[in-house]
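**Q** for reference, the sequence and a predicted model appear below.
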Amino acid sequence: MSELVLSKRFGKPDSQLLATYLADGGYEAAKKALAMDPDAVIEEVKKANLRGRGGAGFPAGIKWSFMPKDDGKTHFLCVNADEGEPGTFKDRALMRHDPHQLLEGIIIGCHAIRADYAYIYVRGEMWEEKAILERAIGELREKNYLGQGIFGTQKNLHIAVCTGAGAYVCGEETAMINSIEGKRGEPRLKPPFPAQVGVFGLPTTVNNVETLSNIPHILKNGGDWFAGLGIEKDGGTRLFGVSGCVKKPGLYELPQGTNLKYIIEEVAGGLLDGKTLKAVIPGGSSCPVLKPDEIDRPHSYDSMRDVGSMAGSAGIIVIPEDTCMVAAMTNLAHFYAHESCGQCTPCREGTHWLHLIISRIEAGEGEMEDIDLLLEVCHNMMGTTICPLSDAAAMPMESFVTKFRDEFEEHIRLGRCPKNGQLS
Amino acid sequence: MALEFSAESEARIQRALEEYYDRQAALLPVLYVAQDQFGHVTPEVTELVAKRLQLPRMHVESVASFYTMYYKAPIGRYHVQICRTLSCAMSGAGAVIQHVKKKLAIGPGEVTPDGKFSMEEVECLALCGSAPAMIINKTNYENLTIEKVDQILNACD
């Protein structure tokens, strides 16, 4: 197996505690970074080719460099721990097993972007993870690793845990900012971007949990080392989550750009019960679905884009031959209809109608025109809303209909679901 | 009678006010405090929260109504939330949901007559690698089977 970076301490006794983290060399990277010029820290992260692990893959160092300098304003770091993309379960593991790795990344990030406050926005249902983070923050406050003049420097830093309350859309950065301010989690129009006008109207960077958890390692071992772990323009390792019909579902840390077919067949042990592969969702449910002949390629931002999908959150959902694709997509259409915040008409109406129309087809009550109607609704939903939730609902639907159109037609011809709604 | 926060709730509210940047930023945490004390979020509860945080009542009401984890109707002492989204559904969540409905004789959003259980089908809980999964109150249960669900529910007292 390749080198473990993020998950190295997973499963070790008391891996959540400050004492064990310090014994493993923890917070040395933070001390090193705090002695550096903030811009030098940003340069190191740029050199690492670290791309955002929330799903969009934007280069983290460049994002940090958008923050204003010497503007005299208070800056904020908001940590996106609102993990809710179906098929994704990596941030939960990072918080559960190694909260100090994340907190050290936050301290370094706050130094780089000159922030005095960091808010970790943890999804509402993650009670256990919130408690773990709060305990870890308490440990740091006691040691004066947080508060006024941290680590004996001039730096002040307050880190607090914020809580979501059951809204998927709050994973979108501007919705999260509104939610942290104590408002409805409705996305904001951009521009202005958070680096100019973020939380409480002040300059803000939003980073994902996994992105920040990489930071201590980059500062400790250097950007070049990190870049060398991955592929061109895409450094480091990644936590791949494999779920669905595989022998060994779970979380696997592998180099960026590891072959997707290899992850499914070798790492996750292949399909359960000797079943045949029908389809793969490569990076959380919002990514267009791939057919088996499309997966023998690197799982990276660029490679997945080249095949018409996305690396997304690296949550890989494996779908076997006996799954009804119409039933599977109906399940996801329900999700998006439930999670649309309702602010933009194409999304509020579109997600709802997609769910109604595909449910009708699955129930055997569809008509042939319904198939193109689905595609038409998808077309009207893409690129027409404030945030990407609408696209995220339309993209998988479009790919399911286009790539598995014969299954949709069969439902309509037979007047029933040929697999009786079977999912695996 | 007008509702009042208990001393314990008031202490938690104080901590929230110290933790966050301004009063409004404490709203989501304080709504949880209120829900913990009063069971669910009624118009009387939002009025109390609004008064305590000196926020417009309209604002508190609109925020409480946006988020699904603020319950607008009573829930059971054990609130069973079972994931229905794709990875869990592919791993047998459908059978788990049917079993729980039958065993508790309630549907989503309903409470058993003794007030002990309520159940809900929820969207992805980020436990897809150990599907199917559910949450009861604040505890996760993973890799569920019908037998395991029976054991868990039978152990609730």
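**A** Yep, that arrived. Residues are numbered from 1 along each chain as shown, chains lettered A, B, ... in the order given.
**Q** so the strand or helix carrying A:Tyr252, near chain B or not?
**A** Here A:Tyr252, judged by DSSP states H and E, is contained in strand A:250-255. Yes: interface with chain B: strand A:250-255 contributes A:Gly250, A:Leu251 (CB under 8 Å from any CB of the partner chain). In this view, the C-beta of every residue, glycine as well, is placed from N, C-alpha and C.
**Q** please report phi then psi for residue 37.
**A** No chain in the question, so chain A it is. Torsion angles at A:Asp37 (phi, psi; degrees, to the nearest 10) stand at phi -70, psi 140.
**Q** was after chain B, sorry
**A** phi -80, psi -40.
**Q** just to revisit the earlier point, quickly run through the sheet partners of the strand holding A:Tyr252, with directions.
**A** Paired neighbours of strand A:250-255 in the sheet (DSSP bridges): strand A:237-244 (antiparallel).
**Q** how far does the strand it pairs with sit from the chain's center?
**A** 11 Å (CA atoms, centre = their mean, to the nearest Å).
**Q** and A:Pro13, how many neighbours?
**A** Neighbours of A:Pro13 under the rule other CB atoms under 10 Å in any protein chain shown: 7.
**Q** who's in contact with it?
**A** A:Thr20 (CB atoms under 8 Å, 6 or more residues apart in numbering or on different chains).
**Q** next one: the spatially most central residue of chain B from chain A, what distance?
**A** Closest residue to the average C-alpha location of chain B: B:Met69 at 5.0 Å, with CA atoms, centre = their mean. Computed as CB to the nearest CB, to the nearest Å, the B:Met69 to chain A distance reads 4 Å.
**Q** thinking again about what came up before, can you name the element that comes right after the strand holding A:Tyr252?
**A** Past strand A:250-255, the next helix or strand by DSSP H and E is helix A:260-262.
**Q** mind giving me the packing neighbours of that following helix?
**A** Using 3 or more CB pairs under 8 Å, 6 or more residues apart in numbering or on different chains; DSSP states H and E, no helix or strand is in contact with helix A:260-262.
**Q** residue contacts, residue 143?
**A** Let's take chain A. Neighbour list for A:Lys143: A:Leu18 [criterion: CB under 8 Å, 6+ apart].
**Q** chain B is the one I meant
**A** Per CB under 8 Å, 6+ apart, neighbours of B:Asn143: B:Ser130, B:Ala131, B:Pro132, B:Ala133.
**Q** equivalent analysis for A:Leu140, please.
**A** Going by CB under 8 Å, 6+ apart, the list of residues near A:Leu140 reads A:Leu18, A:Leu103, A:Leu146, A:Ile159.
**Q** run a quick neighbour tally on the first one.
**A** For A:Leu18, the tally of surrounding residues (other CB under 10 Å) stands at 21.
**Q** I'd assumed A:Met67 was in a strand, is it?
**A** No: going by DSSP: H, G, I helix; E, B strand; the rest coil, the assignment for A:Met67 is coil, not a strand.
**Q** quick one: A:Ile42 is in a strand?
**A** No: counting by three-state DSSP, A:Ile42 is located in no strand; its state is helix.
**Q** contacting residues for it?
**A** A:Gly61, A:Trp64, A:Ser65, A:Ala112.
**Q** which one (most neighbours) among the residues you listed?
**A** For the contacts of A:Ile42, the largest number of neighbours (other CB under 10 Å) sits with A:Ala112, at 28 neighbours.
**Q** how far away is the nearest residue to that residue once chain neighbours are set aside from A:Pro191?
**A** Spatially, and ignoring its direct neighbours in sequence, A:Ala112 is nearest to A:Val41 (4.2 Å; CB to CB, 6 or more residues apart in numbering or on different chains). In this view, A:Val41 and A:Pro191 are 26 Å apart by CB to CB, to the nearest Å.
**Q** for A:Pro396, same thing?
**A** Taken as CB to CB, the span from A:Pro396 to A:Pro191 is 28 Å.
**Q** near chain B, which residues of the stretch 1-150 of chain A are found?
**A** So far as CB under 8 Å from any CB goes, the stretch 1-150 of chain A lies against chain B at A:83-89, A:91-92, A:117, A:119, A:123-128.
**Q** more crowded one of A:Pro396 and A:Pro191?
**A** Between A:Pro396 and A:Pro191, counting by other CB under 10 Å, A:Pro396 is the more crowded of the two (25 against 9).
**Q** pLDDT value on that one, please?
**A** Looking at A:Pro396, its pLDDT stands at 98.
**Q** helices of the stretch 101-250 of chain A, start to end?
**A** Using DSSP state H, counting those that start in this stretch, the helices of the stretch 101-250 of chain A run over residues A:127-142, A:173-180, A:209-221, A:223-229.
**Q** just want the angle from the longest one to helix A:209-221.
**A** Using axes from the mean of the first three to the mean of the last three CA atoms, to 10 degrees, one finds that helix A:127-142 and helix A:209-221 are set 40 degrees apart in direction.
**Q** list the buried ones in helix A:127-142?
**A** The neighbour-count check on helix A:127-142 (16 or more other CB atoms under 10 Å in any protein chain shown) flags A:Trp127, A:Glu129, A:Lys130, A:Ile132, A:Leu133, A:Glu134, A:Ala136, A:Ile137, A:Glu139, A:Leu140 as buried.
**Q** picking up where we left off before, pretty sure the residue nearest to the centre of chain B sits in a helix.
**A** No: secondary structure of B:Met69 (three-state DSSP): coil, not part of a helix.
**Q** tell me how far the closest residue to A:Glu3 other than its chain neighbours lies from A:Asn221.
**A** Excluding the flanking residues, the one nearest A:Glu3 by CB to CB, 6+ apart is A:Leu229, at 6.6 Å. Using CB to CB, A:Leu229 is found at 9 Å from A:Asn221.
**Q** do A:Arg135 as well
**A** Here A:Arg135 is placed at a distance of 28 Å from A:Asn221 (CB to CB).
**Q** distance of A:Leu354 from A:Met397?
**A** 6 Å.
**Q** joint contacts of those two?
**A** In contact with both A:Leu354 and A:Met397: A:Ala333, A:Leu374, A:Cys378, using CB under 8 Å, 6+ apart.
**Q** circling back: need the contacts of B:Asn143 in a markdown table (columns: neighbour count).
**A** What follows is the contacts of B:Asn143, written out as a markdown table (neighbours: other CB atoms under 10 Å in any protein chain shown):
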| residue | neighbour count |
| --- | --- |
| B:Ser130 | 19 |
| B:Ala131 | 26 |
| B:Pro132 | 28 |
| B:Ala133 | 26 |
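**Q** ok, and which of the residues you listed reach chain A?
**A** Answer for the contacts of B:Asn143 near chain A (CB under 8 Å from any CB): B:Ser130, B:Ala131.
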